[in-house]
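A.B. asks: Build the 3D model from these lines:
(2 chains)
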There are 2 protein chains.
Amino acid sequence: MPAVTYELIKKSKESRARLGVLHTPHGDVATPVFMPVGTQATVKAMSPRELEEIGSRIILSNTYHLYLRPGHELIKQAGGLHKFMAWDGPILTDSGGFQVFSLGDLRKITEEGVEFRSHIDGSKHLFTPERVMEIEMALGPDIAMAFDECVEYPTTYEYAKRSMERTSRWAERCLKAHNKEEQALFGIVQGSMFKDLREQSARDLIPMDFPGYAIGGLSVGEEKPLMYEVLDYTVPLLPENKPRYLMGVGSPDCLIEGVILGIDMFDCVLPTRIARNGTVFTKSGKLVIRNAKYKHDFTPLDPSCDCYTCRTFSRAYIRHLFNVDEILGLRLTTTHNLYYLLHLMKLVQLAIKEDTLFELREEFYRNYLSDGL
Amino acid sequence: MPAVTYELIKKSKESRARLGVLHTPHGDVATPVFMPVGTQATVKAMSPRELEEIGSRIILSNTYHLYLRPGHELIKQAGGLHKFMAWDGPILTDSGGFQVFSLGDLRKITEEGVEFRSHIDGSKHLFTPERVMEIEMALGPDIAMAFDECVEYPTTYEYAKRSMERTSRWAERCLKAHNKEEQALFGIVQGSMFKDLREQSARDLIPMDFPGYAIGGLSVGEEKPLMYEVLDYTVPLLPENKPRYLMGVGSPDCLIEGVILGIDMFDCVLPTRIARNGTVFTKSGKLVIRNAKYKHDFTPLDPSCDCYTCRTFSRAYIRHLFNVDEILGLRLTTTHNLYYLLHLMKLVQLAIKEDTLFELREEFYRNYLSDGL
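C.D. replies: Next up is the predicted model:
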């Protein structure tokens, strides 16, 4: 039995949405789930106990960043990532693929792997499927992602095909190199925005019997309708008894649409990144707290929200904190944004249970002004 | 009866140290006490509930900064500083004196007050005793400090005398302008390092019957033995039935010495400021977490400490956080440093109760290496 299994609890009557439980060595996770991102072994500005308090169950960390600093050997020596960062819940690590391909001129792709220069000191490194498995096994998350290539958008059909086929070969090599029983290795379906390539990718990967599948190469600059289209034909290619993870997606509307299209897991830096710039999600849409109109506004960020920030502080106060560059400001907005998404996913779960997900979606769009408050 | 009263619980048999309780509109404070500084209506990197958790009872905020941003009128409109920053415990505000005098060329002192330019936008402002009282009454702390001049060190006898005498006249004007029953106004004894000036200052201020007295103009660059000497002859000039507050002092050794010399209240940005640079207090002295020797050190910052940071994280992890500029790093060191001082003050209180303060001091110096780990 793999380290991580997916239990399907209920299929929606309205859509492909489904309620499930991810069983991991560090506990169970109700799905659909949003995973906060802790790039450098910390979800920016948050403490582990705050993450727990707002309802985070599984978090993500980045292999590329941890490999460079502090190094996977150090983390292994610390007893693994859970112990190092004092997070006792499940952890998923990406494979570093997305990061090294984003390095542009600093990297070179061959069949063997990717040679790249560190964005920090320019030092030379080689990521191969085998090497990445070694790193992820040392880090010790519950779920390790296979080393793949995330192609940029737009790209040619030819390149997308070549890259997808290499990703399939790399997936085989990852599988072969990975031997850590208490860790699950997930495969990643690629193929850019081409239906037949997505089909081919799924055909390649499904026989490899990964305990979970991610859809990579989306949310890379394409319009949302195109992403939904790709999801619409890709998700049905994946086995029903395994979790489906849409990588790099984290805006509230995309979470709802993704769930409807059959996705179980999401991650994204968006909520924490925009929070640090003073933008928060509210029931009525995005709110930019530095805006002068909040100077004398003594109401909470989102009056309908129950998070610590909204229970305790006013827009005027948080605006002041941003104005004078105080750390508490971005702590409070980060807390709120993550809570907002985690809470939204709870509502989504409930709506699947009660077959009212379309109702929830309708209400969401009625309130949520996409251009913000 | 003044808004804030001091209850003397016990006088040490060994020294001038004393155990007391400060009764304030926002609750009681056991003294001697260290007050964390929240310059801009937030103790940097801390949330109010974390402050409470580590045992903070009274905190300080800065009139000069709050007057400039967000403005005292806004804070008044918010319902006062307590409500604005969501701190339900006692608050003390300084008078801005120290800050405006530190502006150097940007300020001009006259009998009327101090004209200065904002360090933010160069705009012109005038602080008079009356104006500062108006601001502090609008801010609404439990304790407001009188507007004084904190002279630099070293200074001439003549200047120190002239300045101290003006501070006495300003104290009168503050008293006259202050009319907020639920707020106590504390006087500030000045006189630089000159014994007869300190005596004259005390003679001027005691008849004004402030409910508390601060000793200002210390910890401004003089050597510690000189500060202790000034305290030694100044404290006995102050009434026994009122609290004595040594402004701007917050290193562990100075807290212990100050208590022994009869001080009840302290404040300082030192513990939070050095924390943000990665320096922490430990039982064995200061520790600089960026130091390479902690790279593989999986023990807590201070193994004898019970704070959240030390109960949860290793030196190696905190060093990593500083290395990669993660906010959690300075949150953890700030929490620890404040806890360290607040805990030290609890031990000091216990030692006064049991007449073992000299023993505590001896043990402290035996362990605490002044040049750090």
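A.B. asks: Surely residue A:158 is within a helix?
C.D. replies: Yes: judged by DSSP: H, G, I helix; E, B strand; the rest coil, residue A:158 forms part of a helix.
A.B. asks: Could you measure from it over to chain B?
C.D. replies: Taking C-beta to the nearest C-beta, to the nearest Å as the measure, residue A:158 falls 39 Å from chain B. To be clear about C-beta, it is placed using only N, CA and C from the backbone, and glycine gets the same treatment.
A.B. asks: mind listing what that residue touches?
C.D. replies: Counting by C-beta atoms under 8 Å, 6 or more residues apart in numbering or on different chains, residue A:158 touches no other residue.
A.B. asks: Can you check the pLDDT for it?
C.D. replies: pLDDT, residue A:158: 98.
A.B. asks: which SS class is residue A:281?
C.D. replies: Classification of residue A:281 by three-state DSSP places it in strand.
A.B. asks: Might one say that it is in contact with residue A:252?
C.D. replies: Yes: assessed by C-beta atoms under 8 Å, residue A:281 is found in contact with residue A:252 at 5.9 Å.
A.B. asks: Common neighbours of those two, please.
C.D. replies: With C-beta under 8 Å, 6+ apart, residue A:281 and residue A:252 have common neighbours A:340, A:341.
A.B. asks: For those two, indicate the residue with more neighbours.
C.D. replies: Using other C-beta atoms under 10 Å in any protein chain shown, the more surrounded residue of residue A:281 and residue A:252 is residue A:281, with 27 against 21.
A.B. asks: Look up how far chain B lies from residue A:197.
C.D. replies: Distance check for residue A:197 against chain B: by C-beta to the nearest C-beta, it reads 37 Å.
A.B. asks: Could you give the average pLDDT over the helix or strand hosting that residue?
C.D. replies: Following DSSP states H and E, one finds residue A:197 within helix A:195-205. For helix A:195-205, mean pLDDT rounds to 98.
A.B. asks: The closest residue to residue A:312 other than its chain neighbours: what's it in contact with?
C.D. replies: Nearest residue to residue A:312 in three dimensions, chain neighbours excluded: residue B:86, at 4.9 Å (C-beta to C-beta, 6 or more residues apart in numbering or on different chains). Residue B:86 makes contacts with A:312, A:313, A:317, B:48, as judged by C-beta under 8 Å, 6+ apart.
A.B. asks: which two in these are spaced the farthest apart?
C.D. replies: Pairwise distances among the contacts of residue B:86 were taken by C-beta to C-beta; the largest, 10.8 Å, belongs to A:317 and B:48.
A.B. asks: Among these two, which residue is more densely surrounded?
C.D. replies: A count of neighbours by other C-beta under 10 Å puts residue A:317 above the other of residue A:317 and residue B:48, at 27 against 21.
A.B. asks: Go ahead and confirm residue A:10 touches residue A:18.
C.D. replies: Yes: here residue A:10 reaches residue A:18: they are 6.6 Å apart, a contact under C-beta under 8 Å.
A.B. asks: Residues that sit against both of those two, list them.
C.D. replies: Residues touching both residue A:10 and residue A:18 (C-beta under 8 Å, 6+ apart) are residue A:352.
A.B. asks: out of those two, which sits in the busier spot?
C.D. replies: Between residue A:10 and residue A:18, counted using other C-beta under 10 Å, the more crowded position is residue A:18 (21 against 13).
A.B. asks: Let me know the average pLDDT across the helix or strand hosting residue A:316.
C.D. replies: Using DSSP H and E, residue A:316 sits in helix A:315-323. In this model, helix A:315-323 has a mean pLDDT of 98.
A.B. asks: hey, C-alpha coordinates of that helix in CSV?
C.D. replies: Only the C-alpha atoms of helix A:315-323 are listed here, as CSV (Å, rounded to 0.1, in the frame of the first residue of the first chain):
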residue,chain,number,x,y,z
ARG,A,315,-9.0,48.5,8.1
ALA,A,316,-7.8,51.9,9.4
TYR,A,317,-5.3,50.1,11.7
ILE,A,318,-4.0,47.7,9.1
ARG,A,319,-3.7,50.5,6.5
HIS,A,320,-1.6,52.4,9.1
LEU,A,321,0.6,49.4,9.6
PHE,A,322,1.2,49.2,5.8
ASN,A,323,1.8,52.9,5.6
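A.B. asks: buried set for it?
C.D. replies: A:315, A:316, A:317, A:318, A:319, A:320, A:321, A:322, A:323 (16 or more other C-beta atoms under 10 Å in any protein chain shown).
A.B. asks: got it, and stretch A:19-38?
C.D. replies: A:19-26, A:29, A:31-38.
A.B. asks: neighbours around the residue of the stretch 101-250 of chain A found nearest chain B, how many?
C.D. replies: Using C-beta to the nearest C-beta, the single residue of the stretch 101-250 of chain A nearest to chain B is residue A:120, 9.1 Å away. Counted by other C-beta under 10 Å, the residues lying close to residue A:120 total 10.
A.B. asks: Settle this for me: residue A:136 is touching residue A:183, isn't it.
C.D. replies: Yes: between residue A:136 and residue A:183 there is a contact at 7.5 Å, judged by C-beta under 8 Å.
A.B. asks: hey, what's in contact with both of the two?
C.D. replies: With C-beta under 8 Å, 6+ apart as the test, residue A:136 and residue A:183 both reach residue A:144.
A.B. asks: ok, the two, which is more surrounded?
C.D. replies: Taking other C-beta under 10 Å, residue A:136 and residue A:183 do not tie; residue A:136 has more neighbours (30 against 23).
A.B. asks: Tell me which helix or strand that one sits in.
C.D. replies: Using DSSP H and E, residue A:136 falls in helix A:129-139.
A.B. asks: near chain B, anything from that helix?
C.D. replies: No: Helix A:129-139 lies apart from chain B when judged by C-beta under 8 Å from any C-beta of the partner chain; the minimum separation is 13.2 Å.
A.B. asks: Am I right that residue A:253 sits in a strand?
C.D. replies: No: judged by three-state DSSP, residue A:253 forms no part of a strand; its state is helix.
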